[in-house]
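>>> Got a sequence here, can you model it:
(one chain, ligands or ions: 1)
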Amino acid sequence: MSRICLIVCVALMLQVCQAYYGHYEHFPSSNPDEFAAHPWNYVYNPSARVPGHQFEGRVINRQQPSSYPLWKHSADNEVGEGEVESRLFNRLTANLLNAGFFSNRFGNNVGNGKPVKNSRPFSQINKWIPLTVNPDFPSVISKFESCTTFSEEEGICVPGAACSLFGGRPTGSCGLKSVCCINAVSRCGTTITLNNTYWQPPVTLGSSCSLTIKLDEGLLEQPKEISQIRLDFTSFSISQPNAEGNCATDVFKVIGADNVVPAICGDNAGQHMYLNVLSRGPLRSGKAVNTQPSKEITLNFEFGALSTAARMWNIQISMLPKGASYLAPPDCLQYFAAARGRISSFNWQDVETTTTRQLNNQNYNICFRTEEIERKRASEMCLSVCPVKNGGDAFSITTPTAATNPAAALANAQAAADAAAVTVAEETVTAAQDTLATAQTDVTTAEEAVAAAEATLAEQEANLAAAGETLTQAQVDLATAQTALEAAGEDPPAELIQAVTDAEAVVAEAQAAVDAAQAAVNPAEVAAAQETLTAAQTALVDAETAVTTAEENLALAQAAATDSANAAAAASDSASLFGAVGTVFTAAPADGVTTATCLYDYLLISGGRDATNIEADRYCGNELNPAGSAGQAVSVPVCTPIKSFRITYRTDGTEGEVVEGLNTIPAPADELNTGFCLVYQEK
Ligand SMILES: *[C@@H]1O[C@H](CO)[C@@H](O)[C@H](O)[C@H]1NC(C)=O
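You can find the predicted model right below:
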């Protein structure tokens with residue numbers, strides 16, 4: 001019973017695996033929004049293609065040999081067949097020994113400075129490899145076909161004994177006597193030559209970690225000419241960039257590719273990159289294709305001092321043969337081959353963030369295969385911002401603000417100055433009114449002083465008059481007394497003499513009183529009070545004039561402030577109009593400064609337009625909107641009819657201010673940008 005079961009099980013397994021083998025181009029998951037981790041072999045239904053449009057910008061080389069021409073070196077070099085086989089074995093041994101595949105078990109012999117072909121420390125291996133490998137060698141090993149495991153890992157199909165001997169991880173059958181062998185390398189400084197190698201970090205990391213991909217048409221495990229390498233970041237997490245957007249602590253770089261590959265850092269799981277490689281090889285049909293025998297691409301991590309950073313990665317390295325239908329167009333760092341999907345800038349994540357995630361010095365194309373939609377070739381591609389669940393910002397590329405429009409800045413400054421002038425004018429009016437009130441008080445006081453002085457003078461004059469009357473009376477009395485004395489004759493009585501003497505004394509006294517009253521009369525005080533009054537009245541008139549003038553000035557200042565506030569509002573409206581589209585602003589001619597938005601950091605969607613046909617090619621700011629980012633609160637879908645569908649992402653070397661210079665257009669400083677995440681759909 002159990003024996004039957006075992007046989008059935010094995011038979012079933014074999015069948016399933018056989019079915020899998022050769023069908024690694026699987027179909028997409030049912031959720032069309034799900035990020036396509038392997039879009040290059042997604043939705044690839046050849047019968048759905050429009051003839052003549054297999055894909056953009058490339059001619060597929062249909063002249064590929066169906067299997068590796070074992071005789072190619074011998075034909076070139078006129079060697080006999082028997083010799084070929086033994087050479088083949090030596091080469092296989094030597095070459096595989098130098099692959100990551102082998103090195104897991106035998107140690108790494110690459111990087112020791114010796115040429116690979118001379119490095120044959122295990123030449124005795126021939127003696128025992130043939131026992132298991134040799135019978136199927138030409139037909140199985142030489143193809144090094146790729147295969148996919150149930151857990152969606154990709155490997156190569158080799159005899160089981162070879163897989164375990166080479167240190168790979170066998171994961172089920174993929175053909176007669178072969179297993180799908182997963183090759184994972186978790187070391188630094190190693191060199192690999194096998195397709196579908198997974199690279200992971202070692203347990204302890206130093207200050208850098210690199211992996212070299214060696215391409216050489218002389219290698220048996222590379223029977224096909226390789227023209228691209230695809231890196232799939234199954235997981236990828238190193239330190240975040242600094243506030244300026246520079247990968248200042250950790251950085252990942254690709255060295256040696258024929259296209260420009262941006263340096264990246266941060267979180268990049270789910271992202272991919274295509275590296276163009278001009279395959280190198282020895283003589284091909286008697287002609288030197290390239291004098292360089294091989295090509296090396298190095299993937300390099302550098303780690304800064306931040307020891308707390310959690311660093312991890314798992315990078316699948318796929319070597320894509322020349323002429324394959326799934327190659328990316330040559331100038332595309334990323335390539336998507338599905339009618340719908342998600343794209344995002346490196347290090348974009350759906351997370352709430354208070355730090356910069358946008359990376360500097362990006363400059364690459366994201367390309368999309370033109371798909372067939374309802375049996376017609378797609379005529380346009382639409383992009384809209386990704387829905388976010390966790391507070392991420394789906395569009396945040398160096399924000400232009402109204403301040404980047406010098407006209408608006410000038411108008412704003414004018415409005416602020418005018419508003420300040422109104423305040424000053426109001427203060428002036430208040431002060432003038434205070435002065436007026438004081439002047440009025442002073443006039444009142446002066447008038448009272450004049451009145452008091454006049455009253456005092458009148459009293460003094462009255463006193464003088466009274467003293468004068470007293471004197472007159474005393475003189476009359478004296479005259480009466482003298483008359484009486486004369487009338488008394490020669491011998492007047494003593495009392496009459498006494499009366500005259502007394503009268504004379506009274507007159508003298510009255511005269512003294514008159515003199516005193518005379519002296520007391522002081523009209524100068526009245527004059528002085530009068531003068532003070534006149535001065536106070538003049539001051540009052542002046543204060544009244546000052547109040548009138550201040551009030552007039554206030555009215556003028558208020559009118560100017562209203563005008564300039566309106567002008568500022570109009571100017572910032574126009575700034576928002578220009579915000580998104582790379583329009584150059586020219587400030588007031590006297591200023592001479594020209595500022596542009598979306599000049600240094602932007603997403604280029606050629607022919608992009610919104611539903612109302614407003615068109616713009618450069619997008620930046622906080623919204624995807626051709627009508628302008630700064631003043632527009634919403635992102636809108638943007639569609640382009642221009643094929644082949646592609647967008648370009650570019651950032652400069654700083655989030656800081658770009659200072660105006662000779663031939664340098666200034667731009668304001670900006671931070672906290674996150675990059676972009678967009679959903680695309682071909683229609
Ligand atoms: C490498 O593997 C990928 C994916 O499994 C496959 O499409 C490609 O053809 C393989 N490359 C070569 C050179 O066989």
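
>>> Next to the ligand, which bits of this structure? Give me the list.
24, 146, 154, 195-196, 224, 226, 318-321, 324 (C-beta under 6 Å from any ligand atom). Any C-beta I mention is one placed from the backbone N, CA and C, and that applies to glycine too.

>>> Please dump those residues into a markdown table; it should also carry neighbour count and distance to Cys163 for every row.
Listed next are the residues of the chain next to the ligand as a markdown table, based on neighbours: other C-beta atoms under 10 Å; distance: C-beta to C-beta, whole Å:
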| residue | neighbour count | distance to Cys163 |
| --- | --- | --- |
| Tyr24 | 17 | 17 |
| Ser146 | 19 | 14 |
| Glu154 | 22 | 14 |
| Asn195 | 23 | 14 |
| Asn196 | 23 | 13 |
| Lys224 | 20 | 21 |
| Ile226 | 24 | 22 |
| Ser318 | 21 | 18 |
| Met319 | 26 | 18 |
| Leu320 | 20 | 23 |
| Pro321 | 18 | 22 |
| Ala324 | 16 | 25 |
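
>>> Quick check: the farthest pair among these?
Tyr24 and Ile226 (16.9 Å; C-beta to C-beta).

>>> Ala488 and Ala499 touch, don't they?
No. Using C-beta atoms under 8 Å, Ala488 makes no contact with Ala499, being 10.5 Å away.

>>> Tell me which of the two has more neighbours.
Neighbours per residue (other C-beta atoms under 10 Å) separate Ala488 from Ala499, with Ala499 holding more: 19 against 13.

>>> any idea of the pLDDT on the more buried one?
If you check Ala499, the pLDDT there is 90.

>>> again with Pro493
88.

>>> all strands for the stretch 351-500 of the chain, in order.
363-368, 372-373, 376-377, 381-385, 395-396 (DSSP state E, counting those that start in this stretch).

>>> just the ones you listed: most buried one?
Most buried of these, by mean neighbour count (mean count of other C-beta atoms under 10 Å): strand 395-396, with a mean of 24.

>>> tell me the mean pLDDT over that one?
93.

>>> ok, now stretch 206-218?
Stretch 206-218 comes out at a mean pLDDT of 91.

>>> Equivalent analysis for stretch 382-392, please.
pLDDT averaged over stretch 382-392 gives 96.

>>> contacts for it?
342, 344, 348-353, 394-395, 605, 608, 624, 635-639, 647, 674, 676-681, 683 (C-beta atoms under 8 Å, 6 or more residues apart in numbering).

>>> From the residues you listed, keep the buried residues only.
342, 344, 348-350, 353, 394-395, 605, 608, 624, 635-639, 647, 674, 676-681 (16 or more other C-beta atoms under 10 Å).

>>> Closest approach to the ligand from the stretch 51-200 of the chain, which residue is it?
Relative to the ligand, the nearest point of the stretch 51-200 of the chain is Ser146 (3.1 Å; C-beta to the nearest ligand atom).

>>> Run through the bridge partners of that residue.
Beta-bridge pairing of Ser146 under DSSP bridges involves Ile156.

>>> tell me the contacts of it?
The neighbours of Ser146, taking C-beta under 8 Å, 6+ apart as the test, are 24, 154-157, 195-196, 318.

>>> pLDDT-wise, what's the bottom of the residues of the chain next to the ligand?
Lowest pLDDT among the residues of the chain next to the ligand: Tyr24, 31.

>>> Show me how the protein divides into domains.
Per automatic domain parsing, the structural domains of the chain span 2-280+293-338, 347-404+578-683, 412-571.

>>> before we move on, back to that, so which of the strands of the stretch 351-500 of the chain gets nearest Glu552?
Taking these one by one with C-beta to C-beta, strand 395-396 is closest: 50.6 Å.

>>> helices or strands up against that closest one?
strand 675-682 (3 or more C-beta pairs under 8 Å, 6 or more residues apart in numbering; DSSP states H and E).

>>> pLDDT weak spots in the chain?
1-143, 165-167, 279-293, 306-309, 399-408, 571-597, 628-633 (pLDDT under 70).

>>> Which strands or helices does the longest helix along it pack on?
Secondary structure of the chain per DSSP state H: the longest helix is helix 406-487. Using 3+ C-beta pairs under 8 Å, 6+ apart, the elements in contact with helix 406-487 are helix 494-520, helix 523-578, strand 584-586.

>>> a markdown table for the ones you listed, including distance to Asp258?
Converted to a markdown table, these look like this (distance: least, C-beta to C-beta, whole Å):
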| stretch | distance to Asp258 |
| --- | --- |
| helix 494-520 | 120 |
| helix 523-578 | 38 |
| strand 584-586 | 35 |
